[in-house]
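1. Need a 3D model of the sequence below.
(2 chains)
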2 protein chains.
Amino acid sequence: MSTNTEPARRTGGRSAVVLSAIKTAVEELVAERGSERVTIPMVAERAGVNPTSVYRRWGDASTMINDIATYRLDPGRPLPKGDDLRTLLTEWADEIIRHYSDPVHAAILRGGAASAGQSQSDCLRNRRAEAGMLVQQAAPVPGITVERVIDHIVAPIVYRVIFIPDSLDETLAPRLVAELFD
Amino acid sequence: MSTNTEPARRTGGRSAVVLSAIKTAVEELVAERGSERVTIPMVAERAGVNPTSVYRRWGDASTMINDIATYRLDPGRPLPKGDDLRTLLTEWADEIIRHYSDPVHAAILRGGAASAGQSQSDCLRNRRAEAGMLVQQAAPVPGITVERVIDHIVAPIVYRVIFIPDSLDETLAPRLVAELFD
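-> Numbering: from 1, shown residues only, chains lettered A, B, ... in the order given. Alright, predicted model coming up:
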């Protein structure tokens, strides 16, 4: 049993309204300018709140953007089920493509790319782990390794999200999977 | 004959020394912080020059970084010659990998990724044009199109440059080409 006697934090009312305004402001600004160019004063102004209260909650802009977590593909979401690797990878790739077809999600990925390279990004680690789970779960297919899934399915999707977002459509996942398998 | 009577701009002496100091400062700072975080005052301080003279020459940091042109893979450089597409693509891919194995070049690419998406990047346009020239120059190979070269050779290289730079080595080009062809 918890011995914590602090009062529960209010989650409704005024603070929910403020959080919702901040979230909308962040989404709009990230889509308009790219996540690297969004600052806390900009967000506060757009949301009509005091910058101090935004700084108090998040400290800096990148923590704020990362914390508003619906931008990221949830690593805890259920993965496709089954034992046909081709079907599993097609469904999984298609979900990633649909996620990044949202301009806000694409802008966040571009921001992540800018600050990548020093350490492995969460995005990369999560997709690699997912690819590993799918390859393990399915009936083995000779020559289809996690490394090849990264190079020939994840990499072309991420490259297109970053550089040619207009080219993302529902034909991409089956085409990339076919090119890997055939 | 030119009727321009302006005196020729001095290219040696003091101004060459200043330009060289600025160039070194830009390279170091881009490698240390990523191109998106490099500002003109930072460069001026590191180079030991007056920020005003840097502003006068380039106006803003991204123009300065782009103008110090050795960072980019020269689109006018000679491409590999021959008619065996597999050999051509392997040599071309290997050159791209060697270029981006330089941490400064990789940092510039990450900066370009951050600001991509609104318009097609030069990097993308140049690599696509080169892939087109190689595919046209070589004896045709069924199923090997520019689109597939982008998805299965360029995209995995760029993805690795951005997210897993330590994975770039001399085995990558032949492996990606083999996976595309076999």
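
2. which sections of chain A are below the confidence cut-off?
-> A:1-12, A:69-71, A:117-122 (pLDDT under 70).

3. same thing but 50
-> A:1-8 (pLDDT under 50).

4. Spatially central residue for it, please.
-> For chain A, A:Arg72 is the residue whose C-alpha lies nearest the centre (Cα atoms, centre = their mean; 2.5 Å).

5. how close does that residue get to B:Asp151?
-> In this view, A:Arg72 and B:Asp151 are 24 Å apart by Cβ to Cβ, to the nearest Å. In short, each C-beta sits where N, CA and C put it, glycine included.

6. And A:Glu147, by the same measure?
-> On the measure of Cβ to Cβ, A:Glu147 and B:Asp151 end up 16 Å apart.

7. Look at those two and report which has more neighbours.
-> B:Asp151 (24 against 14; other Cβ atoms under 10 Å in any protein chain shown).

8. thought the more buried one was touching A:Leu176?
-> Yes - with contact defined as Cβ atoms under 8 Å, B:Asp151 reaches A:Leu176; the gap is 6.7 Å.

9. Common neighbours of these two, please.
-> Counting by Cβ atoms under 8 Å, 6 or more residues apart in numbering or on different chains, the residues touching both B:Asp151 and A:Leu176 are A:152, A:156.

10. Using the record's assignment, carve chain A into domains.
-> A:13-70, A:72-181 (automatic domain parsing).

11. Endpoint to endpoint, the last one covers what distance?
-> Using Cα to Cα, to the nearest Å, one end of domain A:72-181 lies 28 Å from the other.

12. Now do it: distance to the chain's middle.
-> 11 Å (Cα atoms, centre = their mean, to the nearest Å).

13. tell me the contacts of the nearest residue to A:Trp58 once chain neighbours are set aside?
-> Leaving aside its chain neighbours, A:Trp58 sits nearest to A:Met64 (3.8 Å; criterion: Cβ to Cβ, 6 or more residues apart in numbering or on different chains). Contacts for A:Met64 (Cβ under 8 Å, 6+ apart) come out as A:22, A:26, A:40, A:43, A:54, A:57-58.

14. Residue numbers of chain A in contact with chain B?
-> A:34, A:36, A:106-107, A:110-111, A:113-117, A:120-121, A:123-124, A:148, A:150-152, A:154-156, A:158-160, A:162-165, A:176, A:179 (Cβ under 8 Å from any Cβ of the partner chain).

15. Tell me the buried residues within those residues.
-> A:34, A:36, A:106-107, A:110-111, A:113-117, A:121, A:123-124, A:148, A:150-152, A:154-156, A:158-160, A:162-165, A:176, A:179 (16 or more other Cβ atoms under 10 Å in any protein chain shown).

16. Those residues in helices, which ones?
-> The helices, defined by DSSP state H, take in A:106-107, A:110-111, A:113-114, A:123-124, A:148, A:155-156, A:158-160, A:162-163, A:176, A:179 from those.

17. Please enumerate the helices of chain A.
-> Counting by DSSP H, the helices of chain A are A:13-33, A:40-47, A:51-58, A:61-67, A:85-100, A:103-114, A:122-137, A:146-149, A:155-163, A:172-181.

18. chain center to the fourth one, what's the gap?
-> The chain centroid and the centroid of helix A:61-67 are separated by 13 Å, computed with Cα atoms, centre = their mean.

19. quick one: buried residues of it?
-> Applying 16+ other Cβ under 10 Å to helix A:61-67 flags A:61, A:64-66 as buried.
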